[in-house]
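S.K.: Pasted the sequence and its predicted model underneath.
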Amino acid sequence: IDFQTVDRPIVFADFEADSAIGAHTVEISEDMFKLWSSLFPHDADCYPYMPPGMTAMVVMRGYMSVIPNRPPGNIHAEQAGDLIRLPKIGDTVTTHFRCARAEMRIGRKWVYLESDTRDSGGESLFLSRMTTIWAE
C-alpha cells in the first residue's frame, strides 16, 4: 500500500512489521528557522545550525506527509529520538519512515514507527521512534 496516495483512512491492518512506509524531504529554510526562533527565542543562538528541538517538528511534518489519511482518534503515545548531528540552515533533509511492528496489546492496536532523517549525502542526522495507539 502507498500510504501517501491511498484515498481512505489508513487502518491498523495496513501496517506490516519491518516495512518501509515512505519518505519526506524538506529544506531547513531561513523562514522555518525564524518561525521556530520566534517561539523559542534562545534557540536563535544555534544559528547556523538547526536547534535540537526542531528535530521533533521535522519528524512530525514528515509523518503527517507520509501518512496523510490517518483516522480520527489515534493517540500519540510516545516519541523518543537520538541526535547524531544537526543540519545547517539551508540544508535539505529526508526523513525515511518504517513500521517497526504493529501489535494488538491490552485490547488496543499499537503501531511502532521508526524514522531516520538523513542529509543530502545520505548520512544519518537523527533517529526517532514513535508509538501510536491506532484508532481503526
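M.R.: Thanks, I have the structure now.

S.K.: only C-alpha atoms for contact and neighbour calcs from this point on.
M.R.: Noted.

S.K.: Leaving out the residues flanking it, which one is nearest to the residue nearest the centre of the chain?
M.R.: Nearest to the mean C-alpha position of the chain, counting by C-alpha atoms, centre = their mean, stands V59 at 2.6 Å. Distances taken as C-alpha to C-alpha, 6 or more residues apart in numbering put T95 closest to V59, at 6.8 Å, once the chain neighbours are dropped.

S.K.: partner strands of the helix or strand containing the one you found, parallel or antiparallel?
M.R.: In this assignment (DSSP states H and E), T95 forms part of strand 92-105. In the sheet, strand 92-105 lines up against strand 19-27 (antiparallel), strand 108-119 (antiparallel) (DSSP bridges).

S.K.: returning to what we had before: helix/strand/coil for the residue nearest to the centre of the chain?
M.R.: At V59 the chain is in helix, as set by DSSP: H, G, I helix; E, B strand; the rest coil.

S.K.: ok, back up a step: most tightly surrounded among the strands paired with strand 92-105?
M.R.: Comparing the strands paired with strand 92-105 by mean neighbour count (mean count of other C-alpha atoms under 10 Å), strand 108-119 comes out on top with a mean of 21.

S.K.: And for that one, what's in contact with it?
M.R.: Here strand 108-119 makes contact (C-alpha atoms under 8 Å, 6 or more residues apart in numbering) with 12, 15, 59, 87, 91-104, 124-136.

S.K.: Next secondary structure after that strand?
M.R.: Assigned by DSSP H and E, the successor of strand 108-119 is strand 124-134.

S.K.: Return the residues in contact with Y49.
M.R.: Neighbouring residues of Y49 by C-alpha under 8 Å, 6+ apart: L86, P87, K88, I89.
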